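> predicted model and sequence follow; I will ask about them next.
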Amino acid sequence: MIIRIVKLQLKPDAVPSFLANFEVIKQRIRNFPGNQKLVLYQDVADACIFFTYSFWDSEAALNAYRQSDFFDAVWSETKLMFAGKPEAWSVNQITEVFV
């Protein structure tokens, strides 16, 4: 399993549109083959910064999503909302602790 972390800095006036659009597309992302989990976080200090964490069965599953027509449509719409260049990382989980 790999985790894809994407940091998005949005224009302040784009935040409501981004959140509304995310509500519409989140189930399609979550139901894409190979996706195990999808989480959206908002920075506590800057309401214009968001992070998505998507959990994928494999890098091949993530790449299939990233090469899909659905992703192209979502990304084309979302990038119009950017105030800064997005950053992305693919990581392997080492450990997880629950109390």
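Structure received.

> pLDDT below threshold where in this structure?
Low-confidence regions of the chain, defined by pLDDT under 70, are absent; no residue qualifies.

> pull the residues that contact the top helix by length along it.
Among the elements of the chain assigned as helix by DSSP state H, the one spanning the most residues is helix 15-30. Contact with helix 15-30 is made by 8, 10, 35, 37-38, 40, 47-48, 50, 54, 65, 70, 74, 77-78, 81, as judged by CB atoms under 8 Å, 6 or more residues apart in numbering. In short, each C-beta sits where N, CA and C put it, glycine included.

> of these, buried ones?
8, 10, 35, 38, 48, 50, 54, 65, 74, 78, 81 (16 or more other CB atoms under 10 Å).

> which one of these sits closest to S90?
Using CB to CB, the shortest approach to S90 within those belongs to S54, at 9.9 Å.

> any idea what the residue nearest to that closest one when sequence neighbours are not counted is bridged to?
If you skip the residues right next to it in sequence, S54 has R4 as its closest partner in space, 4.7 Å away by CB to CB, 6 or more residues apart in numbering. Here R4 sits in beta bridges with S54, S90, as judged by DSSP bridges.
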